[in-house]
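Trainee: give me the fold of what follows.
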Amino acid sequence: MIKLKTQFTLEEFLALPEGDIIYELIDKEAVPKFKNDEMSPKFFHSSITGALFLLLSVWAQGKERVVIESAIKLTRNQQDWVPVADLTYVSYSRLSADWLQDEACPVAPELVIEIISPGQTFGEMTEKATDYLKADVQRVWVIDTRAKTVTIFYPDTLPQTKRSTDSLEDPLFEGLQITPQQIFQQARIL
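Mentor: Presented below is the predicted three-dimensional model:
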């Protein structure tokens, strides 16, 4: 872990060198995304990430982009916030197809997906989902690998938890037809 100063501007944070530890900018501090060995991605987390990437990429091909572990420039509590989502989906209408920069995503994506890691709680992910929605993300999916559920957070209504063969269909994602069962089967953790 590199020794970091206490407070960062957005520009200073984004200029940090890449390393083995993934940092998020929270309240002007560089905070490791995974705070201990218990929270680092394990088999289920990685398998779900891969399964979702495959399922969403096939659907989004040619019209949108799906990325893994990508930093996003957002605002939280009137301060710069740079979370690193497990997966993001952003349409070309929000971020044009010709945007090819090796940097944090400059716009709020339509969808952010967070997978609960060992050592994290659903309550912590609910808080983060609320922050994403306040920052103009349209949907947040929180995946619980133990309960095998997908909880969808919306900006204007209560969250919904989907199980088994419940559809994740959403007018925001036209043509996307998947279920939690398909995600967990693709990840081979059913």
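Trainee: could you point out which element follows the helix ranked longest in the chain?
Mentor: Looking across the chain with DSSP state H, the single longest helix is helix 43-60. Downstream of helix 43-60, the first helix or strand assigned by DSSP states H and E is strand 64-71.
Trainee: given that next one, what are its sheet partners and their directions?
Mentor: Sheet pairing of strand 64-71 (DSSP bridges) gives strand 84-91 (antiparallel).
Trainee: mind listing the strands for this protein?
Mentor: For the chain, the strands defined by DSSP state E occupy 23-26, 29-32, 64-71, 74-76, 79-81, 84-91, 111-115, 139-144, 149-153, 160-163.
Trainee: how about those, which one is nearest E103?
Mentor: Of all the strands of the chain, it is strand 64-71 that lies closest to E103, at 8.1 Å by C-beta to C-beta. For the C-beta atoms, the positions are set from N, CA and C on the backbone; glycine is no exception.
Trainee: okay, buried residues for the longest helix of the chain please.
Mentor: For helix 43-60, a neighbour-count test (16 or more other C-beta atoms under 10 Å) marks 44-45, 47-49, 51-53, 55-56, 59-60 as buried.
Trainee: what of stretch 79-94?
Mentor: Buried residues in stretch 79-94 (16+ other C-beta under 10 Å): 80-91, 94.
Trainee: for stretch 109-118, same thing?
Mentor: Buried residues in stretch 109-118 (16+ other C-beta under 10 Å): 109-117.
Trainee: okay, these in JSON lines with distance to Q177 next?
Mentor: As requested, the buried residues of stretch 109-118 are exported to JSON lines (distance: C-beta to C-beta, whole Å):
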{"residue": "P109", "distance to Q177": "20"}
{"residue": "E110", "distance to Q177": "17"}
{"residue": "L111", "distance to Q177": "15"}
{"residue": "V112", "distance to Q177": "20"}
{"residue": "I113", "distance to Q177": "17"}
{"residue": "E114", "distance to Q177": "22"}
{"residue": "I115", "distance to Q177": "21"}
{"residue": "I116", "distance to Q177": "24"}
{"residue": "S117", "distance to Q177": "28"}
